[in-house]
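Trainee: Got a sequence here, can you build the structure:
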Amino acid sequence: MRLSFTTLALTLSLSCSAQEIVAPLPAKSLTPEQRAADKQAFEHATFTSGDSTMPYRLLGPSTAPSSPVPLVIVLHGSGSIGSDNEAQLGDLALGFAQPGVRTAYPAYVLVPQFTARSANYHVAPTDQLLASLPGAPLLPLFELIDKLARALPIDRSRIYLVGFSMGASTSWHAVLLHPELFAAAILLSPVPPDRILAAVAAPVPLLICHGDADTENPYAADLAMYRAMVAAHVAPSMVRFRSYTGMPHTQPPDILDPNAT
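Mentor: Numbers count the residues shown, from 1 in each chain. Predicted coordinates:
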């Protein structure tokens, strides 16, 4: 059985219903005209905090919600670093703009763009595998989330993180720094924190997806973190590891498959 984005989200937070997070359609199947229209559905904005500036896109429900709705935060990989406020709108983000999806699963979708690395990598002395550290651009994101949650009908108990590559590594550190903010996180091909943090690395439910042929963000570090979390008696309900045989550094195809169940 293949898993859709919705099903993956459900495995993370058992208290949530199937309509908490939507199943994005794969943007690669869209025509150029559809892709352009979907990008336009995301409002342009910029958040400034002190000396830092964060471009972001925001997609709202297709109709004004009668009660608070979830906030889904999609974090991009290093290839989308910049300030054009467009490069971060990849497959994961654009799927939320499909008309049927917006109607069936009302939510706000925040897609920030980092102007520099939001996670940095180094070799951990404990096991000689890659580990990640949070980058400075991550910090304004917490302020932006708070600003939006105050201004919009967002349910603070249903704030979700979805990240790929650098964005997934960043998501690790977001939940470590502010676990009270998030209901769950899906991490696609990340570099995890140092394994010495295994015992405290799942303050919110996590689903980790990684291909065993990934050489860019090596699979071994992610698997080592998962095993360290199991050894530290992190509850199975708080962390799941989904391995993809033969998959390189890319987003899992079943995440983007609208027909997956």
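Trainee: how close does the residue nearest to R240 when sequence neighbours are not counted get to L188?
Mentor: Counting by Cβ to Cβ, 6 or more residues apart in numbering, the nearest residue to R240 once its immediate chain neighbours are dropped is L207, at 4.9 Å. The way it works is simple: take the backbone N, C-alpha and C, and place the C-beta from them, glycine included. Relative to L188, L207 is positioned 9 Å away (Cβ to Cβ, to the nearest Å).
Trainee: mind listing the strands for the chain?
Mentor: In the chain, the segments counted as strands under DSSP state E are 43-49, 52-59, 69-75, 108-112, 119-123, 130-134, 154-164, 184-188, 206-211, 239-244.
Trainee: what's the closest of those to T31?
Mentor: strand 52-59 (19.4 Å; Cβ to Cβ).
Trainee: Give me the residues contacting the closest one.
Mentor: Residues outside strand 52-59 that contact it (Cβ atoms under 8 Å, 6 or more residues apart in numbering) are 41-48, 83-85, 88-89, 93, 96-97, 102, 108-115, 136-137, 139-141, 144, 148.
Trainee: For ChimeraX, write the select line for the buried members of those residues.
Mentor: In ChimeraX, the members of the contacts of strand 52-59 classed as buried (16 or more other Cβ atoms under 10 Å) are selected with the following command:
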select :41,42,47,85,88,89,93,96,97,102,108,109,110,111,112,113,114,137,140,141,144,148
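Trainee: Okay, now the unreliable bits of the protein?
Mentor: Filtered on pLDDT under 70, the chain yields the residue ranges 1-30, 256-261.
Trainee: tell me the contacts of A185?
Mentor: Counting by Cβ under 8 Å, 6+ apart, A185 touches 12, 160-163, 171-172, 174-175, 204-207.
Trainee: now do 7 Å
Mentor: 160-161, 171, 175, 204, 206 (Cβ atoms under 7 Å, 6 or more residues apart in numbering).
Trainee: And S243, by the same measure?
Mentor: Here S243 is in contact with 210, 212 (criterion: Cβ under 7 Å, 6+ apart).
Trainee: partners of it in the sheet?
Mentor: With DSSP bridges as the criterion, S243 is bridged to H210.
Trainee: Now do it against V204, distance only.
Mentor: Distance, S243 to V204, by Cβ to Cβ: 21 Å.
Trainee: before we move on, what about P253?
Mentor: For P253, the distance to V204 - Cβ to Cβ - is 26 Å.
Trainee: Looking only at neighbour counts, state which of these two leads.
Mentor: V204 (22 against 12; other Cβ atoms under 10 Å).
Trainee: The more buried one against F182, yeah?
Mentor: Yes - assessed by Cβ atoms under 7 Å, V204 is found in contact with F182 at 4.8 Å.
Trainee: Quickly list what's touching both of those two.
Mentor: With Cβ under 7 Å, 6+ apart, V204 and F182 have common neighbours V175.
Trainee: and the residue lying closest to E143 once chain neighbours are set aside, bridged to which residues?
Mentor: Spatially, and ignoring its direct neighbours in sequence, E143 is nearest to S49 (5.2 Å; Cβ to Cβ, 6+ apart). On the basis of DSSP bridges, S49 is bridged to S52.
Trainee: Nothing else from me, thank you.
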